[in-house]
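In: Here is the input, now give the coordinates:
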Amino acid sequence: MRISELSDKTGLKEILFCADHDIIHGYVGDLLSIVMRSAKADSIWFTVQSHVNIVAVAAITGVKAIVLCEGLEFDNETIEKAREEGINLYVSSESSYIAAGKVYELGIR
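Out: From the prediction side, this is the model:
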């Protein structure tokens, strides 16, 4: 599935769209060291972490989009760093479990 299709199909709110990519995998996690070890390239990542370090983790692992869940908001520093690194940002008012489940139902594993 293309990143550009996510908002329409899942209700995720787009905060920053940098580039369209195929999303092949999904990952849910908040402990950055575990995300670095386990998230796959071309993933969408669901988290409640909003600080700038999540962008570095996404860039290192090849994650193409980050979804901030639970109604939280990205700060300006994180948005600007994501723009620099080409990482797409979304938010969801739902839990990571529910938001990721919607993406899972679309066939992204």
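In: So which residues of this structure form strands?
Out: Using DSSP state E, the strands found in the chain span residues 13-16, 25-28, 43-47, 65-68, 88-91.
In: so what secondary structure elements neighbour the first one?
Out: Contact here means 3 or more Cβ pairs under 8 Å, 6 or more residues apart in numbering; DSSP states H and E; on that basis strand 13-16 packs against helix 6-10, helix 76-85, strand 88-91. (C-beta placed from N, C-alpha, C; glycine too.)
In: Make CSV from these and add distance to residue 29 to it.
Out: Formatted as CSV, those follow (distance: least, Cβ to Cβ, whole Å):
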stretch, distance to residue 29
helix 6-10, 19
helix 76-85, 17
strand 88-91, 16
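In: a markdown table for the ones you listed, including mean pLDDT and distance to residue 103?
Out: Shown next, in a markdown table, are those (pLDDT from 0 to 100; distance: least, Cβ to Cβ, whole Å):
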| stretch | mean pLDDT | distance to residue 103 |
| --- | --- | --- |
| helix 6-10 | 92 | 6 |
| helix 76-85 | 98 | 19 |
| strand 88-91 | 98 | 10 |
